[in-house]
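Enquirer: sharing a model prediction with you, sequence too.
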Amino acid sequence: MKKYHLKKRIDIVVEAPLMRTLVSTLDRARVPGYSVLPIVEGRGLQNAWHSQGQIGDATNMMAVLCIVDPSRADEVIDAVFAAIQDRIGFVTLSDVFVIRPERF
Amino acid sequence: MKKYHLKKRIDIVVEAPLMRTLVSTLDRARVPGYSVLPIVEGRGLQNAWHSQGQIGDATNMMAVLCIVDPSRADEVIDAVFAAIQDRIGFVTLSDVFVIRPERF
Amino acid sequence: MKKYHLKKRIDIVVEAPLMRTLVSTLDRARVPGYSVLPIVEGRGLQNAWHSQGQIGDATNMMAVLCIVDPSRADEVIDAVFAAIQDRIGFVTLSDVFVIRPERF
Amino acid sequence: MLSLGMQNLLSPMVLFFVLGLLAVWARSDLSIPEAVAKFLALYLLLSIGFRGGAEVGHHGLTAPLLLAIAAGVALSFAMPFIAYALLRATTGLSAIDAAAIAGHYGSISAVTFAAVTGMLNQLAVPYDGYLVAVAAAMETPAIFAALLIANRERKSEHGSGAFFREVAFNGSIFILLGSFAIGAITGERGVTMLKPFILDPFAGVLCLFLLDMGLVAGRGLRQGWRYLSLAVTSFAVVMPLIGAAIAAAMASLLGLSAGSAAVLITLAASASYIAAPAAMRLALPAANPALALTLSLGVTFPFNLLVGIPLYIAMARQIAH
Amino acid sequence: MLSLGMQNLLSPMVLFFVLGLLAVWARSDLSIPEAVAKFLALYLLLSIGFRGGAEVGHHGLTAPLLLAIAAGVALSFAMPFIAYALLRATTGLSAIDAAAIAGHYGSISAVTFAAVTGMLNQLAVPYDGYLVAVAAAMETPAIFAALLIANRERKSEHGSGAFFREVAFNGSIFILLGSFAIGAITGERGVTMLKPFILDPFAGVLCLFLLDMGLVAGRGLRQGWRYLSLAVTSFAVVMPLIGAAIAAAMASLLGLSAGSAAVLITLAASASYIAAPAAMRLALPAANPALALTLSLGVTFPFNLLVGIPLYIAMARQIAH
Amino acid sequence: MLSLGMQNLLSPMVLFFVLGLLAVWARSDLSIPEAVAKFLALYLLLSIGFRGGAEVGHHGLTAPLLLAIAAGVALSFAMPFIAYALLRATTGLSAIDAAAIAGHYGSISAVTFAAVTGMLNQLAVPYDGYLVAVAAAMETPAIFAALLIANRERKSEHGSGAFFREVAFNGSIFILLGSFAIGAITGERGVTMLKPFILDPFAGVLCLFLLDMGLVAGRGLRQGWRYLSLAVTSFAVVMPLIGAAIAAAMASLLGLSAGSAAVLITLAASASYIAAPAAMRLALPAANPALALTLSLGVTFPFNLLVGIPLYIAMARQIAH
Ligand SMILES: Nc1ncnc2c1ncn2[C@@H]1O[C@H](COP(=O)(O)O)[C@@H](O)[C@H]1O
Ligand SMILES: Nc1ncnc2c1ncn2[C@@H]1O[C@H](COP(=O)(O)O)[C@@H](O)[C@H]1O
Ligand SMILES: Nc1ncnc2c1ncn2[C@@H]1O[C@H](COP(=O)(O)O)[C@@H](O)[C@H]1O
Ligand code: NA
Ligand code: NA
Ligand code: NA
């Protein structure tokens, strides 16, 4: 398994109206990249929601996936928390392995 | 890394017609929350499928993501399996780290 | 935890125009299954993109999720890299646990 | 009848369906987003329901309506038993798969309903508005018949109450009956107001929708061709004809007009691919879902569209004379 | 007025809304994809804006227009203060939740605007095209008033400039004003060209959209019913009437026609559920977003659609005489 | 010609495009869901194809049609060589990037095609229906020319057969030609039936679509502005004019009417942003995809819409006299 390199996967679930803020936070934190996936339904400690038939984005959540080098994970997570502090959503961190370490 | 807390990430891939059942199962299992992501195409041991142009939901699959405390993972997974037992789909469990452990 | 079995989760982020190639690569590599999730927005080392209002698929990326047995992970990843070598996108590998090991 | 067949084959609706099949065959990347397909289906159901309701609102609730509904329910409930017997006799399918397929063929296809009404409009053959209510009434009895056949205590978390509700109030029935009711309540007034949206573009939207159906059916065939043994494929062609024959007899007894008879026959000959598949996935999870869908959408729907509908119209004309 | 109420209740628009509520109540799986709902909303805003602009292009920019805009801005800015006082006096809500709700009720609902114009078209009561501009002008002042009330230094990464832009140029305002401008510029020429798409299907699209609103409101009520204490629910019915009364006085001062007065009153009585919820999530994250939305979409919108609009039209007729 | 330009700039279509650009510039969150944009594009292609086919079905397959197709194929194949030479001479782009861009400019833009036909309809200038077939024929030769230029053995898992099929049968060509064929087969009959859906709303749908194009072009410019060196930007304006000049000469040789000449010239002057980008991503993965797209959608399309089309129509009128 020596051809694999450890990276960190950061998953952020965040309200759609905050996406712009989050993206510029990630840009400023100079992450190597990110990908945004739609969420269509969910529940948290507060309310359940569903995107069906919604005309605004106010109730929607999005999932942001960001692979970073372990050396940068803390810093990126700090920046993200500074941006979405008291807003609904959460952040998780996990280990992943990649083949081409230079792109992260 | 002492500021990170271990949680379990449960990923469930399930048929769209079963979503209601699954959601009420998760509610009854008192998970702290869940998020549902759309899947647009897939293949399993049986058939390949694609959501394009589909007017019904019968052939679609959805991905459900649920972060829980390690102490509750077994119990939640048992409840999920009781609900979707012989239905198409699968469940995986993995480790993730969070900053705000109190919300899970 | 003896009822859980270790599998490998392969996540592939790839350009939409390459999806057909990738799917047939996965089929030829005889993976037990795969699921494709839409990505709606992203940035990499090159450009940021957004799917909103796009009429073609040329700029879109997709996320492919594939659970395989650890014994087969290297082989599948090699096949995937052979197919999408110099194309935009990335591949990560991580550990997941499943209950029904026979379906992977 | 030949000229009717030709006119059907060269109608824009059928040609767009064939275009969809061709696109899959040529491996074109032509595709219609899921949200758009759902919108087109919703539009068609709403338009059909509303138009039917407006007409019934005009003529009032009559005995023929109630009789036709009773006939439709009986047909829908009885056909799965025939289909099941036929499948078990001629194919090697398991009891559970045969029951699931039988449920699909007893139930009806709203899209085939849209196609026959489009064809009748084109031929200027009138049919009764209340057939919308008949169509809605025929969607579910077959599903319960299939469960009776499968006769297995579903030990699911679904109470049977919850399951009944999901089946009886599935979206396509709900919108069909709901807009039927609204059409009946608002009558002429409603028609005048909604005509430019709900009535005029119907044929065009149907074309676009059939393009999508062609794509989906083509893809379904490509995935599912291995299920298509000779015996099973024959079933998918013969069963509609059996349904059509029984419905023709009923239509004759009920004294339906040519147009109405054509619609009832087509309903009986059609196989569900919205309501039944979803219900079967919940109720008979052990059945292979791709099997029934490949037959219903990949074989029976094209058969009905290309050959069946003109045939049923011709049958209906015979009966009505 | 009774017959007006009945005519409203039995209009296709209201019936489709009720159908949506019923579908949720019956636990039907009827649903409208998000992309389709956004398309319908975009269409309605574009159509309303364009039509209004074309009319203003015809009549020119007049003093009444500017006066009406000024009145609308004043209304929108003032109402949150009233709403806040009322909420704090009658309910146990926190200051921050009360401020957020107050912002929703000061701002307006473009969908309610569409509904009142649909109703007026149906009754053949004319109203001035410039009210589109008034509606757009009334969306945001309330949001800023709510922030003033909440009076908390938002220590967010949003500079207030960025926040201002997001609020002032939110999509619904932008498309409303943009198509208003295009309507004004292209005038008759534009109307002739776009009529079959932008004007004729309006009523039908509105029906489909209200079906969706019924589904969304029904689901919102199901999720949010526990917020609906008597005091809070009363607010959601009383506040529109207060807004209506103030707007009626203003309409009378401005000497608006019956149709225009009805529109202004309805705007004041309506509560936002596109612009304000998004803005409040950014600006007042500590407020519970489901609370304001349940009130605005689950209580006030149905109230306005079923009872309010005919009442406001009747009020407007009184004033204009 | 000036008044033609003004009329173009003040047409609803152009104004909606500009509105989209403005929304991005003002950082409004106005957006159109992907599924809706795809639906609008599908509708326009279907409508254009069907209308052209119905006309050809009326007039029959004629020598001019075949000649025009031959001319279009030649143009599409030749232009990438010119574009490549120009790019290599005037910019510092790599061979691979230059080849990819050259492929985009040789191919055509169906949306620009829709815009010129919309403009001609507005001016009541007739053009031949067969130009739809010409447009479809011009999409792919340029792509193969670009690959020839790049002259690199693609060691991809795509057999060249598979690649050829993906390019030749891409969705936009397929729907254009398919509905052309259906229009030709069903003729008058089809037109009568589908008019309220396929023909009447065309101008309105085009407006909505151009709003979307404005948003997408605006966003593309914001992301890609750093690619826009003076040399590269000049290319994106000069190349359309070169294409236009060559096409004008051809149109004159072919003896096309003013309307048809305007369409052929516009096709040559347009740059692809559906078919070519997807094909280049498959065939020339080393090329920077954002570069070609920024030029084609961010510079050339607005240039053609705002300035080019009226110019090409004026040129065409000169030629036809
Ligand atoms: N434990 C969880 N697992 C997965 N998703 C969650 C979880 N908790 C919250 N979410 C998602 O985050 C959204 C907001 O949660 P909350 O802030 O608790 O209301 C929910 O609607 C879910 O989409
Ligand atoms: N190994 C796998 N990795 C990822 N997704 C899978 C896998 N197996 C199955 N799936 C997903 O689950 C669906 C049903 O699988 P199956 O029950 O095997 O037919 C497939 O269509 C895929 O979307
Ligand atoms: N580090 C990353 N984390 C998550 N997604 C990424 C990352 N890098 C790239 N991507 C995704 O892959 C796409 C192509 O990246 P690139 O090849 O670097 O331009 C981006 O637009 C993102 O959607
Ligand atoms: Na049937
Ligand atoms: Na208000
Ligand atoms: Na060109």
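Expert: Ah, there it is. Ligands and ions are numbered 1, 2, ... in the order given.
Enquirer: show me what contacts D:A99?
Expert: Going by CB atoms under 8 Å, 6 or more residues apart in numbering or on different chains, D:A99 touches D:P80, D:Y84, D:A146, D:L147, D:I149, D:A150, D:L284, D:A287. All C-beta spots, glycine's among them, are computed from the backbone N, C-alpha and C.
Enquirer: most surrounded residue in those?
Expert: Ranked by neighbour count (other CB atoms under 10 Å in any protein chain shown), the contacts of D:A99 have D:A146 at the top, with 31 neighbours.
Enquirer: helix or strand for the spatially closest residue to it that is not a sequence neighbour, which one?
Expert: Excluding the flanking residues, the one nearest D:A146 by CB to CB, 6 or more residues apart in numbering or on different chains is D:G103, at 2.9 Å. For D:G103, the enclosing helix or strand under DSSP states H and E is helix D:95-106.
Enquirer: please identify the buried residues of the helix or strand encompassing A:D74?
Expert: Per DSSP H and E: A:D74 is located in helix A:70-84. Within helix A:70-84, the residues scored as buried using 16 or more other CB atoms under 10 Å in any protein chain shown are A:R72, A:A73, A:V76, A:I77, A:A79, A:V80, A:A83, A:I84.
Enquirer: residues of the next helix or strand after it that come out buried?
Expert: Next along the chain after helix A:70-84, taking DSSP H and E as the criterion, comes strand A:89-98. By neighbour count on 16+ other CB under 10 Å, the buried set for strand A:89-98 is A:G89, A:F90, A:V91, A:T92, A:L93, A:S94, A:D95, A:V96, A:F97, A:V98.
Enquirer: got it, and stretch A:31-48?
Expert: Residues of stretch A:31-48 classed as buried by neighbour count (16+ other CB under 10 Å): A:31-44, A:47-48.
Enquirer: the residue in the stretch 151-300 of chain D that ligand 5 sits nearest to: what's its closest spatial neighbour, skipping adjacent residues?
Expert: Using CB to the ion, the single residue of the stretch 151-300 of chain D nearest to ligand 5 is D:M193, 27.4 Å away. For D:M193, ignoring the flanking residues on the chain, the nearest one in space by CB to CB, 6+ apart is E:A203 at 4.9 Å.
Enquirer: just D:L206 next, same as before
Expert: D:G118 (5.0 Å).
Enquirer: correct me if wrong: D:I182 contacts E:L15.
Expert: Yes. Checked against CB atoms under 8 Å, the pair D:I182 and E:L15 is within contact range at 4.5 Å.
Enquirer: neighbours around the residue nearest to D:M193, how many?
Expert: Residues lying near E:A203 (other CB under 10 Å) number 22.
Enquirer: look up how far E:S260 lies from it.
Expert: 20 Å (CB to CB, to the nearest Å).
Enquirer: contact partners for residue 16?
Expert: Going with chain A. Counting by CB under 8 Å, 6+ apart, A:A16 has contacts A:D57, A:A58, A:N60, A:M61, A:M62.
Enquirer: to clarify, I was referring to chain D.
Expert: D:C207, D:L208, D:L210, D:L211, D:G214, F:G178, F:S179, F:I182.
Enquirer: which parts of the helix or strand harbouring D:A316 are buried?
Expert: Counting by DSSP H and E, the element that carries D:A316 is helix D:309-320. Using 16+ other CB under 10 Å as the test for burial, helix D:309-320 gives D:I309, D:P310, D:L311, D:Y312, D:I313, D:A314, D:M315, D:A316, D:R317, D:I319, D:A320.
Enquirer: and the residue of chain A found nearest chain D, its phi and psi?
Expert: Using CB to the nearest CB, the closest approach of chain A to chain D is made by A:Q52 at 10.5 Å. With angles defined as degrees, to the nearest 10, A:Q52 sits at phi -50, psi 130.
Enquirer: so the residue nearest to it when sequence neighbours are not counted, which state does it fall into?
Expert: Leaving aside its sequence neighbours, A:Q52 sits nearest to E:S31 (CB to CB, 6+ apart; 4.6 Å). Assigned with DSSP: H, G, I helix; E, B strand; the rest coil, E:S31 falls in the coil class.
Enquirer: right, and E:S31 touches E:V216 too?
Expert: No. With contact defined as CB under 8 Å, E:S31 does not reach E:V216; the gap is 9.8 Å.
Enquirer: before we move on, back to that, which pLDDT does the model give the residue of chain A closest to chain D?
Expert: Per-residue pLDDT puts A:Q52 at 91.
Enquirer: who touches A:T25 in this structure?
Expert: Applying CB under 8 Å, 6+ apart, the residues near A:T25 are A:A79, A:V80, A:A82, A:A83, E:E157.
Enquirer: same check, this time on A:P32
Expert: For A:P32, the contacting residues are A:I67, A:V68, A:D69, A:R103, A:F104, C:G44, C:L45, by CB under 8 Å, 6+ apart.
Enquirer: now it: phi and psi?
Expert: Torsion angles, degrees, to the nearest 10, at A:P32: phi -70, psi -10.
Enquirer: ok, now D:S94?
Expert: Torsion angles at D:S94 (phi, psi; degrees, to the nearest 10) stand at phi -70, psi 160.
Enquirer: gap between it and chain C?
Expert: D:S94 sits 20 Å away from chain C, going by CB to the nearest CB, to the nearest Å.
Enquirer: what of D:F197?
Expert: Here the distance between D:F197 and chain C works out to 24 Å (CB to the nearest CB).
Enquirer: do D:R88 as well
Expert: Computed as CB to the nearest CB, the D:R88 to chain C distance reads 30 Å.
Enquirer: lowest pLDDT pick from the buried residues of stretch A:31-48?
Expert: Across the buried residues of stretch A:31-48, the smallest pLDDT goes to A:N47, namely 83.
Enquirer: and that one, how close does it get to E:H104?
Expert: Counting by CB to CB - A:N47 and E:H104 are separated by 16 Å.
Enquirer: tell me the residues of the stretch 101-250 of chain D that contact ligand 4?
Expert: The stretch 101-250 of chain D has residues D:I108 near ligand 4, with proximity defined as CB under 5 Å from the ion.
Enquirer: and the residue of the stretch 101-250 of chain D nearest chain F?
Expert: When scored by CB to the nearest CB, the stretch 101-250 of chain D has D:G204 as its residue closest to chain F, at 2.2 Å.
Enquirer: would you confirm that that residue contacts F:F197?
Expert: Yes. Taking contacts as CB under 8 Å, D:G204 lies within contact range of F:F197: 2.2 Å.
Enquirer: more neighbours, those two?
Expert: Neighbour totals were compared for D:G204 and F:F197, and D:G204 leads with 25 against 21 (other CB under 10 Å).
Enquirer: for the more buried one, list the residues it contacts.
Expert: F:M193, F:L194, F:P196, F:F197, F:I198.
Enquirer: one more: A:P70?
Expert: A:P70 touches A:L6, A:K7, A:K8, counting by CB under 8 Å, 6+ apart.
Enquirer: now the first one, what's its secondary structure?
Expert: Recorded secondary structure, A:L6: strand (three-state DSSP).
Enquirer: I'd say it and A:I99 touch.
Expert: No. Under the criterion of CB under 8 Å, A:L6 is not in contact with A:I99, lying 11.9 Å apart.
Enquirer: ok, those two, which is more surrounded?
Expert: A:I99 (16 against 11).
Enquirer: quick one: low-confidence parts of chain A?
Expert: A:1-2, A:86 (pLDDT under 70).
Enquirer: should've said the stretch 151-300 of chain D
Expert: Flagging of the stretch 151-300 of chain D using pLDDT under 70 yields the residue ranges D:151-162.
Enquirer: measure whichever residue of it sits closest to ligand 3 to F:M6 for me?
Expert: Residue nearest to ligand 3 within the stretch 151-300 of chain D (CB to the nearest ligand atom): D:R219, separated by 27.0 Å. Per CB to CB, D:R219 is found 49 Å from F:M6.
Enquirer: name the SS class of A:Q54, please.
Expert: Strictly by three-state DSSP, A:Q54 counts as coil.
Enquirer: so what's it closest to, chain neighbours aside?
Expert: E:E34 (5.5 Å).
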